[in-house]
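Peer 1: A structural model of the following input is requested.
(chains A and B)
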Amino acid sequence: MKIKENIAISETGFVFNPTTGDSFTLNETGRKVIALINEGKTIEQTAKVLKETFDVDDTTLERYLFDFIYDLRINKLLEE
Amino acid sequence: MARTKITVAVTGLNNIDSPGPGIPVIRGIKESEEFDARIIGLAYEHLEPGIYMSELVDKTYMIPYPSKGKEALYDRLMEIHKKENIDVIIPNFDAELFSFIKLENQLNKVGIKTFLPTLEQFEERHKSNLPAYGKKYGVDIPQGTEVFSIADLNNALKSMEYPVMVKGKYYDAYKAYSEEQAIAYFHKMSAKWGLPVILQEFIDGTEVNVIALGDGKGNLTAAVPMRKQYITDKGKAWGGITIEDQSLLDLAHKIVSQSKWRGGMELELIRSANGKLYILEINPRIPAWVYLAVGAGQNIPEALIKLALGNDVKPYTRYDVGKMFIRYSYDMIVDIDRFSTLATSGEL
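Peer 2: I've put the predicted structure just below:
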């Protein structure tokens, strides 16, 4: 899992896809997930780090994380 | 380097909610590093806002509607030419292009240059001819047909799925979800733009546009793709952003090189959910969002003037991705004296 190389992500969490012209804003958690993906972490590894960072139960974490990954995928931000 | 003094006449000064390209074209010309242009506005209506924008338009003349014929247009242009010594005319309306194309040789003889598509190029990309165009140049076009009557319309609707797009011959498009809506839009379009009305398959997807300039020899002199970000109820972009999409540039290149397109062009495209690109329309002129291309690094109006003058133009190879335009409206305060001068003398 990898964010496409041409996707621009600012430190403040603004995401711009130059191919489609779409832009998004990330909250702090989203920025953290993207950072972990960019470090080359798998979904499982990402989940583990998030679990250690945030006070969240497994079910909630899994649901929101998979939703977020799905959003990245349908918005063509992920290298498939 | 001293800029070359030049007089350029421009139509499309209707900078309204469905704007003509005249004012953004003029802004591009005014920013040229090569030309010091005197701008002559050519207007059809007394309230075209560009007429009153004296910082951009040096002088405006009323010209006859295209329906008056090319002879009336030529006569009026000659009156104006005697006073202004026009070097280049940039027409910006679809509906007037036929007359200007027909007059190209006559204008050239008196020293007025244009840079327009040929009549064949102009005709073959008409909305009603797009399916044949798609076949000829190997590009995808939504299924469509031209209809001349309600009987035609009903017949065509039998083999189509709703929603369908109902389009005017020159401008406007509406999405119809039922036969009743399609009939209502047929009447609206035929009353406004005449027949035929175009019935087209609706493709769900993302609207993208490309502005392009062809040199008439098959070279793509300039091209910038844009994604509409804010669309008005008239379907016009009120905000847009330049994007990086090689497939759009490849398509522009394919069309310009195969057709040897001459002049400005706008490709209106839709990318379906499965990524396929369809051409919705090919507009045979510079679009109203041209100033975005100027802002992104490609001064298309300037390049068009150079082509019209027979100068060499090096094709643009880059533009800034992520440049946005945000349109706005602005109220000018104008003394009635100016309006009355224009109304009574036909010039301002």
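
Peer 1: hey, where'd the helices end up in the stretch 1-150 of chain B?
Peer 2: Taking DSSP state H, counting those that start in this stretch as the test, the helices found in the stretch 1-150 of chain B are B:22-30, B:70-84, B:94-109, B:119-124, B:130-137, B:150-158.

Peer 1: Repeat that for chain A.
Peer 2: Counting by DSSP state H, chain A has these helices, from start to end: A:28-38, A:43-53, A:58-74.

Peer 1: Let me know the angle separating whichever strand or helix holds B:Q200 from helix B:130-137.
Peer 2: Assigned by DSSP states H and E, B:Q200 falls within strand B:197-201. Between strand B:197-201 and helix B:130-137, the angle comes out at 60 degrees (axes from the mean of the first three to the mean of the last three CA atoms, to 10 degrees).

Peer 1: which bits of chain A sit near chain B?
Peer 2: A:N6, A:A8, A:F16, A:P18, A:T19, A:T20, A:G21, A:D22 (CB under 8 Å from any CB of the partner chain). C-beta here means a position set from N, CA and C on the backbone, and glycine is covered the same way.

Peer 1: Now do the buried residues in stretch A:56-74.
Peer 2: A:L61, A:L65, A:F68, A:I69, A:L72 (16 or more other CB atoms under 10 Å in any protein chain shown).

Peer 1: Which residue, neighbours along the chain excluded, lies closest to the residue in the stretch 201-348 of chain B that chain A sits nearest to?
Peer 2: Among all residues of the stretch 201-348 of chain B, B:R227 sits closest to chain A, at 3.2 Å; criterion: CB to the nearest CB. Closest residue in space to B:R227, ignoring its immediate chain neighbours: A:G21 at 3.2 Å, by CB to CB, 6 or more residues apart in numbering or on different chains.

Peer 1: pretty sure the one you found contacts B:L248?
Peer 2: No - in this structure, A:G21 is not within contact of B:L248 by CB atoms under 8 Å, at 11.1 Å.

Peer 1: shared neighbours of those two, anything?
Peer 2: B:V208 (CB atoms under 8 Å, 6 or more residues apart in numbering or on different chains).

Peer 1: ok, and for the helix or strand in which B:G214 is found, which residues are buried?
Peer 2: If you go by DSSP H and E, B:G214 is part of strand B:205-215. The neighbour-count criterion (16+ other CB under 10 Å) identifies B:G205, B:E207, B:V208, B:N209, B:V210, B:I211, B:A212, B:L213, B:G214, B:D215 as the buried residues of strand B:205-215.

Peer 1: What strands line up against that strand, and which way round?
Peer 2: strand B:220-231 (antiparallel), strand B:262-272 (antiparallel) (DSSP bridges).

Peer 1: Take these and write them to a markdown table, including mean neighbour count.
Peer 2: Shown next, in a markdown table, are the strands paired with strand B:205-215 (neighbours: other CB atoms under 10 Å in any protein chain shown):
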| stretch | mean neighbour count |
| --- | --- |
| strand B:220-231 | 22 |
| strand B:262-272 | 23 |
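
Peer 1: Can I get the ones you listed in TSV including mean pLDDT and distance to B:A9?
Peer 2: Output for the strands paired with strand B:205-215, formatted as TSV (pLDDT from 0 to 100; distance: least, CB to CB, whole Å):
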stretch	mean pLDDT	distance to B:A9
strand B:220-231	95	21
strand B:262-272	95	16
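
Peer 1: Roughly how far does the residue in chain A positioned nearest to chain B sit from B:G235?
Peer 2: Chain B sits closest to A:G21 of chain A, with a gap of 3.2 Å, by CB to the nearest CB. For A:G21, the distance to B:G235 equals 17 Å [CB to CB, to the nearest Å].
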